[in-house]
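Participant: Quick check, what structure comes out for this input:
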Amino acid sequence: MYRFPACLLAILALCGFRPAPPLPPPMPVALSLVDRDSGDEATPYLHRGQQWVAGTPGHRYAVRLRNLSGERVLVVLSVDGVNAISGQTAAPDQAGYVLEPWQDSEITGWRKSSAEVAQFVFTDRGDSYASRTGRPADVGVVGIAVFAEARPLPIAAAPAPRPAPLRAQDARAGRAMDAPASAAAAAGRERQQLGTGHGAREASASHTTVFERASHAPIQVTQVRYDTRARLARLGIVPGQRRDSTPRAFPGGFVPDPPPRWR
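Facilitator: Residues are numbered from 1 along each chain as shown. Purely as a prediction, here's the structure:
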């Protein structure tokens, strides 16, 4: 009864058949940008191995973080190469936000205190917070470094979607707080048009919590680059747009009909 399957497996082995390798584990945290003035989540475009989104000058935006796992994670958030909590030049070992299992939350600005943030606003590159503080090299990128917890609680089942607070970790003190993570060449950086400004203050409550990292190295590093739609069109990133404005000898197709004569 069981001989045929056994023989079949042996033949497959002799023919060089190998089981497909296991799929890599999914990234625990999803990163996206949300235009707070339009309410739309920015559409990501893949270009030469990098994710790009288009921003609108003058619009406020939020960084949306979604924990896709049943465990707590620490997310160090970098905006234009600056830590969004401490204001330091960003590094993975710094302060970050702690996401509860399956949590979905939005970071709306630079943290000013446990009660307030200064809004993230798309602005001219020279007016960005990073440029104004003498750090223009990495303007135009939002990134996260994600860490697993050393002693996680039991894995939780995915609940129905509901709002939940975030927590931000103070790396130096090993604490955290609750609240509502440069590939381009130098020439490419100079063409960057948008940056993230230091906007108006708004309420954003937070408090500290304990989080022990399971390792020194992050388990995930993800970044999203952004700029104006016009620049993304010139780069050929936005579908259906011309790559540049260079004149062409043959810009059209066949000869169209002329307009009607006046009677």
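Participant: Hmm, residue 26 and residue 66 touching each other?
Facilitator: No - counting by Cβ atoms under 8 Å, residue 66 sits too far from residue 26 to count as a contact (11.5 Å). C-betas here are computed from N, CA, C, even on glycine.
Participant: The two - which one has more neighbours?
Facilitator: Taking neighbours as other Cβ atoms under 10 Å, residue 66 and residue 26 compare with residue 66 leading, 15 against 10.
Participant: how about the nearest residue to the more buried one, chain neighbours excluded?
Facilitator: Spatial nearest neighbour of residue 66, excluding adjacent residues (Cβ to Cβ, 6 or more residues apart in numbering): residue 30 at 4.2 Å.
Participant: List the buried residues for stretch 26-39?
Facilitator: Using 16 or more other Cβ atoms under 10 Å as the test for burial, stretch 26-39 gives 28, 29, 31, 32, 33, 34, 35, 36.
Participant: Just the ones of those residues in strands?
Facilitator: 29, 31, 32, 33, 34, 35 (DSSP state E).
Participant: check contacts around the third one.
Facilitator: For residue 32, the contacting residues are 41, 42, 44, 53, 63, 64, 66, 224, taking Cβ atoms under 8 Å, 6 or more residues apart in numbering as the criterion.
Participant: Now with 6 Å, please.
Facilitator: Residue 32 is in contact with 41, 64, counting by Cβ atoms under 6 Å, 6 or more residues apart in numbering.
Participant: Report the separation between it and residue 222.
Facilitator: According to Cβ to Cβ, to the nearest Å, residue 32 and residue 222 sit 10 Å apart.
Participant: Specify the local secondary structure of residue 249.
Facilitator: coil (DSSP: H, G, I helix; E, B strand; the rest coil).
Participant: heads up, I number from 21, so please use that
Facilitator: Happy to do that; since the first residue is 21 now, the last one works out to residue 269.
Participant: Next, count neighbours for it.
Facilitator: 4.
Participant: pLDDT at it, what is it?
Facilitator: pLDDT, residue 269: 72.
Participant: what does the one 4 residues further on give?
Facilitator: On the pLDDT scale, residue 273 is placed at 60.
Participant: repeat for the one 10 residues further on
Facilitator: According to the model's per-residue confidence, residue 283 sits at a pLDDT of 55.
Participant: for residue 199, same thing?
Facilitator: Residue 199 is given a pLDDT of 42.
Participant: now residue 227
Facilitator: pLDDT for residue 227: 80.
Participant: Also residue 44?
Facilitator: So residue 44 comes in at 51 (pLDDT).
Participant: In this structure residue 166 contacts residue 238, no?
Facilitator: Yes - counting by Cβ atoms under 6 Å, residue 166 touches residue 238, with 5.5 Å between them.
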